[in-house]
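Colleague: My questions are about this predicted structure, shown below with the sequence.
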Amino acid sequence: MIIFQRLSMRFSFLTITFLLLSIEGFSQRDCASADYAARTAGSVHLSATPSLYSRDTIANEIITIPVVIHVVYHTATENISDAQIKSQLKVLNEDFRRMNADAANTPQAFQNNAADCRIMFCLAQVDPHGRPNPGIIRKFTNKTYFDVDDAVKFSAAGGDDAWDSRKYLNIWICKMSGSVVGYASVPGSQADKDGVVIQYDAFGTTGVLRPDYNKGRTTTHELGHWMGLKHIWGDNLCGDDGIQDTPTQSNYNTGCPSFPHLSACSPNNNGDMYMNYMDYTSDVCMNMFTVGQKIKMRGLFAINGVKNSFMSSFACDSTLASAAPLPADSQAVATPSVAAPELKVFPNPVQSQFGFTVKGDYTLTGKQVVVMNETGMVLMKQTFSSNEDKVSISRLPAGVYIVSVGQGKDKKVIKLIKY
């Protein structure tokens, strides 16, 4: 009897211990990006060839990225609402602009490291074919969950095909296997697999959400990977993430540590930068990228960067965007001055030829219409004989163009999209 009681007590202790470890493991952030990157390393291309429409970034320029959300659901719960999706866009725009309300929680010791990355996001308003689209695709699947194997990125495998990853950031929302809450492709990945996958209840700040993942920081973290950042501990004991201003730490942190949180590898008494978006702490504890991380991410959009094509993407044009409100800018950017238009290009987007709709008594007769690429190179000129004249651009490839009409005070400049 005594032996049986002891065995029962031991079994109960082991059972409780196993359950506690299971609960702890499930609540810990589980990002599969490092393993995914290791498996797909052979298909990565780290450079891009500039095209006719390539341009470099401008100092202090805000890089705006068009986003398409693929909601791939099996149950009604997984089919998250538009409000939940837009709440995530709001978080991204705040986190990547250092406009998050909890930025004040960054310890004073790290305040000078914290950066406004000047990167923003909006739901795409035009699909790859130039058709109006809200940037949210909903697709039912027979699959009850997806593994970290890219199946969610292909219609043939029960997911949804990517939009052109040179112009759009693809984000797939689905139920994932095990405890994984997200993974991201690395810069230069295969085009039809390029993007981010997020667990449906770890996306946004309202709606269907699990504790510890209700502030939208899972997507902020994964987009850091998508733009070339490693985990802050370098995925190794006292590892190196390749960023000069992130301090070395022994491993990942969970929960919400108190400052200073020291480890065996801490270079000074400030300890770990556990509030960095690239650690594993709870959403409520994350609040910063560093200047070095900003430089790393923005470098991908420069003239030879693998994401430079986003600099000529039309899908997030300010006249078309209608996603979560963009925070007001806090830093001046040198941009070309464009007179308020008194005429509009029609149709826009256009396939083969366009004309103008004229406002008031503005006349096109005798005025020269010039079509340029985004670098200002003149591609064609035409002098109008009436307001009804048309311009044929059928020989030009799809892309973004600038149309200039007239000269001096009469000059009007309009952006044109060809699909």
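Modeller: It's in.
Colleague: Can you give me the separation between residue 146 and residue 250?
Modeller: 32 Å (C-beta to C-beta, to the nearest Å). Where you see a C-beta, it was placed from the backbone N, CA and C, and this is true even at glycine.
Colleague: Just after the lengthiest strand in the chain, pick out the following helix or strand.
Modeller: Ranked by residue count and defined by DSSP state E, the top strand of the chain is strand 63-73. Next along the chain after strand 63-73, taking DSSP states H and E as the criterion, comes helix 82-95.
Colleague: now the helices for this structure?
Modeller: 2-27, 33-40, 82-95, 217-226, 291-299 (DSSP state H).
Colleague: Against residue 359, how distant is the nearest residue to residue 126 once chain neighbours are set aside?
Modeller: Using C-beta to C-beta, 6 or more residues apart in numbering and skipping the chain neighbours, the partner closest in space to residue 126 is residue 315 (4.9 Å). Computed as C-beta to C-beta, the residue 315 to residue 359 distance reads 26 Å.
Colleague: Those two: who's more crowded?
Modeller: More crowded of residue 315 and residue 359, by other C-beta atoms under 10 Å: residue 315, with 28 against 10.
Colleague: I'd assumed residue 65 was in contact with that one.
Modeller: No: counting by C-beta atoms under 8 Å, residue 315 stays clear of residue 65, with 9.5 Å between them.
Colleague: circling back to that earlier point, please identify which of residue 146 and residue 250 sits among more neighbours.
Modeller: Set residue 146 next to residue 250 and count neighbours by other C-beta under 10 Å: residue 146 wins out with 24 against 16.
Colleague: Contacts only, for the residue nearest to that one when sequence neighbours are not counted.
Modeller: Residue nearest to residue 146 in three dimensions, not counting chain neighbours: residue 152, with 4.4 Å by C-beta to C-beta, 6+ apart. Contact partners of residue 152, counting by C-beta atoms under 8 Å, 6 or more residues apart in numbering, are 70, 72, 146, 158-160, 172, 174, 197.
Colleague: and residue 152, what pLDDT?
Modeller: Residue 152 carries a pLDDT value of 98.
Colleague: Quick check: the gap between residue 390 and residue 345.
Modeller: On the measure of C-beta to C-beta, residue 390 and residue 345 end up 11 Å apart.
Colleague: can you check residue 191 too?
Modeller: Residue 191 is 30 Å from residue 345, by C-beta to C-beta.
Colleague: If you count surrounding residues, which of those two has more?
Modeller: residue 345 (22 against 13).
Colleague: Distance of the residue nearest to residue 100 when sequence neighbours are not counted relative to residue 217?
Modeller: Nearest non-adjacent residue to residue 100, counting by C-beta to C-beta, 6+ apart: residue 94, 4.4 Å away. Distance, residue 94 to residue 217, by C-beta to C-beta: 11 Å.
Colleague: With neighbour numbers in mind, choose between the two.
Modeller: residue 217 (26 against 20).
Colleague: so what's that one up against?
Modeller: Contacts of residue 217 (C-beta under 8 Å, 6+ apart): 91, 95, 277, 283, 286.
Colleague: Wait, the third one touches residue 285, no?
Modeller: No: between residue 277 and residue 285 there is no contact, the gap being 10.3 Å when judged by C-beta under 8 Å.
Colleague: For residue 179, grab the count of nearby residues.
Modeller: Residue 179: 14 neighbours (other C-beta under 10 Å).
Colleague: go on, residue 192?
Modeller: 15.
Colleague: Pretty sure it sits against residue 164.
Modeller: No: the criterion here is C-beta under 8 Å, and residue 192 misses it with residue 164 at 9.7 Å.
Colleague: Stretch 294-303: end-to-end distance?
Modeller: End-to-end span of stretch 294-303 (C-alpha to C-alpha, to the nearest Å): 17 Å.
Colleague: typo on my end, it should be stretch 258-275
Modeller: End-to-end for stretch 258-275, by C-alpha to C-alpha: 10 Å.
Colleague: Just the buried positions in that stretch, please.
Modeller: 259, 261, 263, 265-266, 270-275 (16 or more other C-beta atoms under 10 Å).
Colleague: list the helices and strands the longest strand of the chain packs on?
Modeller: helix 82-95, strand 119-123, strand 136-140, strand 169-174 (3 or more C-beta pairs under 8 Å, 6 or more residues apart in numbering; DSSP states H and E).
Colleague: Show me which of these has the highest average neighbour count.
Modeller: Among the helices and strands packed on strand 63-73, ranked by average contacts under mean count of other C-beta atoms under 10 Å, first place goes to strand 169-174 (a mean of 26).
Colleague: Average pLDDT for it, rounded please.
Modeller: The average pLDDT within strand 169-174 is 98.
Colleague: quick check, distance from that strand to the centre of its chain.
Modeller: 10 Å (C-alpha atoms, centre = their mean, to the nearest Å).
Colleague: before we move on, what about stretch 217-224?
Modeller: For stretch 217-224 - counting by C-alpha atoms, centre = their mean - the centre lies 8 Å from the chain centre.
Colleague: Stretch 135-155 too?
Modeller: 19 Å.
Colleague: What does the pLDDT read for the closest residue in space to residue 213 that isn't next to it in sequence?
Modeller: Leaving aside its sequence neighbours, residue 213 sits nearest to residue 202 (C-beta to C-beta, 6+ apart; 3.8 Å). What the model reports for residue 202 is a pLDDT of 98.
Colleague: same thing with residue 111?
Modeller: At residue 111, the model reports a pLDDT of 97.
Colleague: Kindly tell me how buried the closest residue to residue 235 other than its chain neighbours is, as a neighbour count.
Modeller: Closest residue to residue 235 apart from its sequence neighbours, by C-beta to C-beta, 6+ apart: residue 34 at 4.7 Å. Counted with other C-beta under 10 Å, residues neighbouring residue 34 total 16.
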